[in-house]
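A.B. asks: Show me the folded form of this:
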Amino acid sequence: MNHSPTAPQDQPAPADILQPGPCLPRCDSPSVPHLITGSLMRHYRIAAGLSYQRARELTAISNKRLHGIELTRSPLTEETARTLLHAYGAPGEDVQVATALLRMGHAHQAQVDVVQSGSWVSALREASQETLIFSTGLLLPVVDATAPGTPARGRATHHCRTVLLLHEGALERAPAELLAQLIRLVDRRAITVRLVHSQFAPLEGWLTEWTLTAGSREGSAAERARRQLYVRHTLQERFLARNGHPALQDRQIIQAAIRHSLPTAASADQLRQAMLWSRSRAATGGRRNPAAAPSDGPSVRRPA
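C.D. replies: Reported below is the predicted structural model:
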């Protein structure tokens, strides 16, 4: 059966969705478009306060298939995505982007800017058991993306373990207000921060590893690897989403950043020192204030 939409519904892909990368033959991993769109399905179903049974009554799609779509175990066509998102009350813009993503087919690499804001970030966070972020200096969008969202009506806030691997160089450039905001998230246990030594800096920008296993009864390492999504943003470039074999380098960068990072308690102390140093620098117009902070600014000790 051909599930391609017909005019006038068939619209060109939004400008922020570009050509996907090649897929390995006989690939059993879910594609990037299905991982992202499956998360969006879960987000809007929960936001609408719908159980699988109620969603089945509205859409005539079985509970098993609805669950499988969200976990990327059942196929998802543009037609089905449009039906579900309309039933869940999603805005037209998100419906259009979701169907354009699915039009890519089975792709493991795509440049997709929607993963940086709005309902798409909320969807990824709600579908994730864990998020790891490695940032070499762009701190504001990272803080915005990790700040706790508003829970859906009638539901508690989903807890996604979030770890920020923050490069040492960011401490020297971040304003005190932003560091204070990050410290508040740490104190509320909304995020864990581990500082990464300055000698390790394989990219400019940030890289996020989403482990999209919320709602899955299978917690095996194989399931985690199957549903891990990597989103990279480097300076002067767009967001690049990858998974499966094309994401091997991204996975290695995250693992190496962990090895080059300080423990959480030491990192929290360094964050507070950096905030005091930044405030002192601002108060003195950029001049050193040895009484308030070390003369050479914040520094991360090399991990053992």
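A.B. asks: which parts of stretch 96-108 are buried?
C.D. replies: Q96, V97, A98, T99, A100, L101, L102, R103, M104, A107, H108 (16 or more other Cβ atoms under 10 Å). All C-beta spots, glycine's among them, are computed from the backbone N, C-alpha and C.
A.B. asks: and these, which of them are in helices?
C.D. replies: Counting by DSSP state H, the part of these found in helices is Q96, V97, A98, T99, A100, L101, L102.
A.B. asks: Let me see the contact set for H86.
C.D. replies: V95 (Cβ atoms under 8 Å, 6 or more residues apart in numbering).
A.B. asks: Buried residues, the helix or strand containing it. List them.
C.D. replies: Using DSSP states H and E, the secondary-structure element containing H86 is helix 78-87. With burial defined by 16+ other Cβ under 10 Å, the residues of helix 78-87 counted as buried are E78, E79, T80, A81, R82, T83, L84, L85, A87.
A.B. asks: Hmm, V95 and the fifth one touching each other?
C.D. replies: Yes: because the distance of 5.9 Å satisfies Cβ atoms under 8 Å, R82 is recorded as touching V95.
A.B. asks: show me what contacts L84?
C.D. replies: With the criterion set at Cβ under 8 Å, 6+ apart, L84 makes contact with M41, Y44, R45, A55, T59, I61, L66, I69.
A.B. asks: Ok, R73 next?
C.D. replies: So R73 contacts P30 (Cβ under 8 Å, 6+ apart).
A.B. asks: any idea of the pLDDT on it?
C.D. replies: At R73, the model reports a pLDDT of 91.
A.B. asks: how about it, secondary structure?
C.D. replies: coil (DSSP: H, G, I helix; E, B strand; the rest coil).
A.B. asks: For the chain, just list every one of the strands.
C.D. replies: 109-111, 130-135, 161-167, 192-196, 205-211, 228-234, 240-242 (DSSP state E).
A.B. asks: out of these, which comes closest to D250?
C.D. replies: strand 228-234 (3.8 Å; Cβ to Cβ).
A.B. asks: R217 - how many residues pack around it?
C.D. replies: For R217, the count of nearby residues is 8 (other Cβ atoms under 10 Å).
A.B. asks: Of the contacts of L84, just say which sits nearest to A256.
C.D. replies: M41 (33.6 Å).
A.B. asks: returning to that earlier point: nearest to S74 among the buried residues of stretch 96-108?
C.D. replies: L102 (13.1 Å).
A.B. asks: Identify the residues contacting the closest one.
C.D. replies: P33, H34, T37, L76, T77, E78, A81.
A.B. asks: With L207 instead?
C.D. replies: I133, F134, S135, Y230, V231, R232, H233, D250, I253, I254.
A.B. asks: can you list those residues in a markdown table and add pLDDT, neighbour count and distance to L178?
C.D. replies: Shown next, in a markdown table, are these (pLDDT from 0 to 100; neighbours: other Cβ atoms under 10 Å; distance: Cβ to Cβ, whole Å):
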| residue | pLDDT | neighbour count | distance to L178 |
| --- | --- | --- | --- |
| I133 | 93 | 22 | 15 |
| F134 | 94 | 30 | 18 |
| S135 | 91 | 23 | 12 |
| Y230 | 96 | 24 | 25 |
| V231 | 93 | 25 | 21 |
| R232 | 92 | 22 | 22 |
| H233 | 86 | 21 | 18 |
| D250 | 96 | 23 | 25 |
| I253 | 96 | 19 | 24 |
| I254 | 96 | 20 | 23 |
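A.B. asks: could these go into a markdown table alongside distance to A274?
C.D. replies: A markdown table is the format used below for those (distance: Cβ to Cβ, whole Å):
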| residue | distance to A274 |
| --- | --- |
| I133 | 18 |
| F134 | 18 |
| S135 | 14 |
| Y230 | 28 |
| V231 | 26 |
| R232 | 25 |
| H233 | 23 |
| D250 | 27 |
| I253 | 23 |
| I254 | 23 |
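A.B. asks: Closest to D113 out of those residues?
C.D. replies: For the contacts of L207, the nearest to D113 is H233 (9.1 Å; Cβ to Cβ).
A.B. asks: Give me the helix or strand of the chain that scores worst on average pLDDT.
C.D. replies: Least confident helix or strand, the chain: helix 140-146 with a mean of 67, by mean pLDDT, DSSP states H and E.
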